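[1] quick one: sequence and predicted model below, then my questions.
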Amino acid sequence: MLLLLFLLILPSSVPSSFYGMALQRHGNRVSCINTCQQTKAAGGGLVVRCSGLRLIKVPVGLSNHTIRLFLNKNLLRSLPASAFSDLFLLEELDLSQNQLSSLEAGCFSQVASSLRYLDLSSNQLTTLDPVVFTGLQVQANLTNNPWHCDCSMQMAVPRLDLDRSSVEKVLCQTSDLPNLGAVGLPLVLLVEDWDLCESVRRTTDVVTLVTMFLWFLMLMFYLIYYIRHNEVFARRHLDYLKFLESRDPFRPR
């Protein structure tokens with residue numbers, strides 16, 4: 001009777017703002033379904049909060065009425081291309097304080113027309129791929145990531161449709177030019193005042209020259225070896241002919 005009473009009372013004690021805490025296990029992975037808190041936004045739509053749930057991937061089954069989605073303080077490592085499918089009304093996306101190190105091309109494509117604010121701060125991102133941000137017109141927070149400023153980053157930044165003020169706060173934690181004081185500088189400043197691709201071109205030129213020199217050196221050694229080998233072979237052949245002539249009984253003396 002006590003167990004029955006507990007089961008009858010339990011549903012009424014759970015806040016209606018929760019979808020529930022249903023977990024489904026797929027092999028060795030646990031996918032969280034309906035784990036997020038939702039509230040109605042003042043202007044319509046839903047605000048969905050999935051903060052601090054230690055999620056390893058974006059929850060499935062999110063309402064297509066979601067306009068603000070908080071996935072901060074989780075354990076996300078990457079975003080697949082279909083991460084936000086059907087969220088056509090999404091205006092704000094918070095992915096801060098995760099472990100994101102890679103963003104697959106197309107992960108924001110289905111929210112590109114509606115998304116206005118994107119928070120990717122405090123993750124493990126090191127490079128920007130323009131393909132990932134294709135079509136986005138957002139104010140983005142890209143701070144507190146271990147950005148590596150190199151030639152690819154220099155070529156990527158001008159092609160990004162991100163708010164310039166956010167990119168100005170992206171600091172270079174590592175760089176292809178560490179000895180020239182590039183580490184710690186804003187990426188935009190480094191891109192505008194420095195040529196990060198020059199070192200790559202210089203390195204490529206040096207490698208090309210060294211390769212050509214080694215190839216030429218190997219060719220010279222081969223020619224020298226070939227000539228000497230043939231000289232030895234020819235000398236032995238002449239010596240053998242002389243030996244045969246010396247043993248010819250019909251040779252006039």
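    Thanks, I have the structure now.
[2] please name the nearest non-neighbouring residue to residue 197.
    Spatial nearest neighbour of residue 197, excluding adjacent residues (C-beta to C-beta, 6 or more residues apart in numbering): residue 151 at 4.0 Å. (Glycine included, C-beta is placed from N, CA and C.)
[3] how about the backbone phi and psi for that neighbour?
    Backbone dihedrals for residue 151, given as degrees, to the nearest 10, come out at phi -60, psi -40.
[4] that one contacts residue 194, correct?
    No: Residue 151 lies out of contact with residue 194 (C-beta atoms under 8 Å); the separation is 10.7 Å.
[5] which one of those two is surrounded by more residues?
    The neighbour comparison of residue 151 against residue 194 (other C-beta atoms under 10 Å) goes to residue 194, with 19 against 15.
[6] count the neighbours of residue 135 for me.
    There are 11 residues near residue 135, going by other C-beta under 10 Å.
[7] could you look up the SS state of it?
    Using DSSP: H, G, I helix; E, B strand; the rest coil, the structure places residue 135 in coil.
[8] from residue 62, how far out is it?
    21 Å (C-beta to C-beta, to the nearest Å).
[9] do you know how far residue 175 is from residue 150?
    Distance, residue 175 to residue 150, using C-beta to C-beta: 7 Å.
[10] and residue 78, what does it touch?
    Residue 78 is in contact with 100, 101, 102, 103, 104, counting by C-beta atoms under 8 Å, 6 or more residues apart in numbering.
[11] report the rounded mean pLDDT for the helix or strand harbouring residue 192.
    Using DSSP states H and E, residue 192 maps to helix 187-193. Across helix 187-193, the average pLDDT comes to 72.
[12] stretch 41-61 too?
    Here the average pLDDT along stretch 41-61 is 92.
[13] now it: buried residues?
    Using 16 or more other C-beta atoms under 10 Å as the test for burial, stretch 41-61 gives 45, 46, 47, 48, 49, 50, 53, 55, 56, 57, 58, 59.
[14] which element is the fourth one on?
    Secondary structure assignment for residue 48, by DSSP H and E: strand 46-49.
[15] so what strands line up beside that strand?
    strand 37-40 (antiparallel), strand 66-70 (parallel) (DSSP bridges).
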